[in-house]
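Colleague: The following comprises the amino acid sequence and a computationally predicted model.
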Amino acid sequence: MPTNVWKYSPAPKKEGVHVLVGEPLENLVPWIDWKYFLMAWGVQKDKEQSEQLLKEGRSFLDKIISERLLEARAVIGFYRVRRIGDSLDLYETNEMLHFLRQQVEQDKDAPLRSLADYFSPYDSDWIGLFALSVGFGVEAFQKESASKEDIYSGMLLHTLSARLTEAYAEKLHRDVMKDYWGYAPNEPFGIRPAPGYPACPDHTEKRTFWRLLHPDERVGIQLTESDMMLPDCSICGYYMAHPQSRYFSVGPIGEDQQKEYEERKMKMKKR
């Protein structure tokens, strides 16, 4: 889509919240990045070990699929928003999403960025939220394999669960672009940053996801008091549709922005 005519994100083709359970794991296999599988085991620089581990990993993946050792679950939702500075006010809810802005130049001649920049300051806009996991089944399998003194199989399953979860995130993002939201039916664009990562490093923003999407009630993904997700092979994040959206790192911020950010979040609590 030409960026010079982009004013705001189009309304999703399928508005509201969607609960997705039982995505066939074989559909996720093409989306697996095996490079990160090798990195998780620290053997990516050893050709012989890498080839052996890939062989064992792919064989065990076949077992996971044939015996249905894991289950994929997700919940996605789309919300109309109004940008207020570096925050987004979600219409028809009592919630806001808050972002931070770079204060140290990281790219020459590039502006100091905030994820809020990818939303219209003049018109209502749209954002997507998601939470997903292919970690259901890991804990039970690890307990069983430990009882048989087969720790390796439990570790292998956990590593493959993490790769399948990332693969599901990639596939579902494409499904959102083409189908659920439909803002990019042909050429893919847009980003899916996650709270706790460089562009939005505040893990506590996940709490807003749980109040809106209710992943615990809908698909069984729990959020702990320390803002970690269970199963631990779980991901949540934003869908942002602006064609110029890019991933970046907020980097260090000053006490001035830290104070202003805390005040923004405190105002939200008082609403």
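Modeller: Structure's in. What do you need?
Colleague: hey, which helix is longest across this protein?
Modeller: Longest helix in the chain, counting residues (DSSP state H): helix 151-175.
Colleague: Which parts of the stretch 1-150 of the chain are strands?
Modeller: According to DSSP state E, counting those that start in this stretch, the stretch 1-150 of the chain carries its strands in the segments 16-21, 71-84, 87-90, 96-98, 125-136.
Colleague: now the ones you listed in CSV, with distance to Q142?
Modeller: Bear in mind the C-beta positions are built from the backbone N, C-alpha and C, glycine included. Shown next, in CSV, are these (distance: least, CB to CB, whole Å):
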stretch, distance to Q142
strand 16-21, 22
strand 71-84, 15
strand 87-90, 38
strand 96-98, 35
strand 125-136, 11
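Colleague: Just say which of the ones you listed is most tucked in.
Modeller: Greatest average neighbour count among those goes to strand 125-136 (a mean of 24), per mean count of other CB atoms under 10 Å.
Colleague: picking up where we left off before, is it possible to get CSV of the strands of the stretch 1-150 of the chain that adds distance to E105 and mean pLDDT?
Modeller: Formatted as CSV, these follow (distance: least, CB to CB, whole Å; pLDDT from 0 to 100):
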stretch, distance to E105, mean pLDDT
strand 16-21, 39, 98
strand 71-84, 23, 97
strand 87-90, 23, 96
strand 96-98, 23, 98
strand 125-136, 27, 98
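Colleague: Let me know which of the ones you listed is the nearest to A167.
Modeller: strand 125-136 (7.8 Å; CB to CB).
Colleague: That closest one packs against which elements?
Modeller: strand 71-84, strand 87-90, helix 151-175, helix 206-213, helix 215-219, strand 234-239 (3 or more CB pairs under 8 Å, 6 or more residues apart in numbering; DSSP states H and E).
Colleague: Find the nearest non-adjacent residue to L61, please.
Modeller: Distances taken as CB to CB, 6 or more residues apart in numbering place L160 nearest to L61, at 5.7 Å, with adjacent residues excluded.
Colleague: mind listing what the one you found touches?
Modeller: Residues near L160 by CB atoms under 8 Å, 6 or more residues apart in numbering: 37, 57, 60-61, 64.
Colleague: got the CA positions of the lowest-mean-pLDDT helix or strand in the chain in PDB?
Modeller: The weakest-scoring helix or strand in the chain, judged by mean pLDDT, DSSP states H and E, is helix 255-270 (a mean of 89). Once non-C-alpha atoms are left out, helix 255-270 reads as follows in PDB (Å, rounded to 0.1, in the frame of the first residue of the first chain):
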ATOM      1  CA  GLU A 255      14.600  10.500  34.700                       C
ATOM      2  CA  ASP A 256      12.300  13.100  33.100                       C
ATOM      3  CA  GLN A 257      10.600  10.600  30.800                       C
ATOM      4  CA  GLN A 258      10.600   7.900  33.500                       C
ATOM      5  CA  LYS A 259       8.700  10.200  35.800                       C
ATOM      6  CA  GLU A 260       6.300  11.300  33.000                       C
ATOM      7  CA  TYR A 261       5.700   7.700  32.000                       C
ATOM      8  CA  GLU A 262       5.000   6.700  35.600                       C
ATOM      9  CA  GLU A 263       2.500   9.600  35.900                       C
ATOM     10  CA  ARG A 264       0.700   8.500  32.700                       C
ATOM     11  CA  LYS A 265       0.300   4.900  34.100                       C
ATOM     12  CA  MET A 266      -0.800   6.200  37.500                       C
ATOM     13  CA  LYS A 267      -3.500   8.300  35.800                       C
ATOM     14  CA  MET A 268      -4.700   5.200  34.100                       C
ATOM     15  CA  LYS A 269      -5.100   3.400  37.500                       C
ATOM     16  CA  LYS A 270      -7.300   6.300  38.800                       C
END
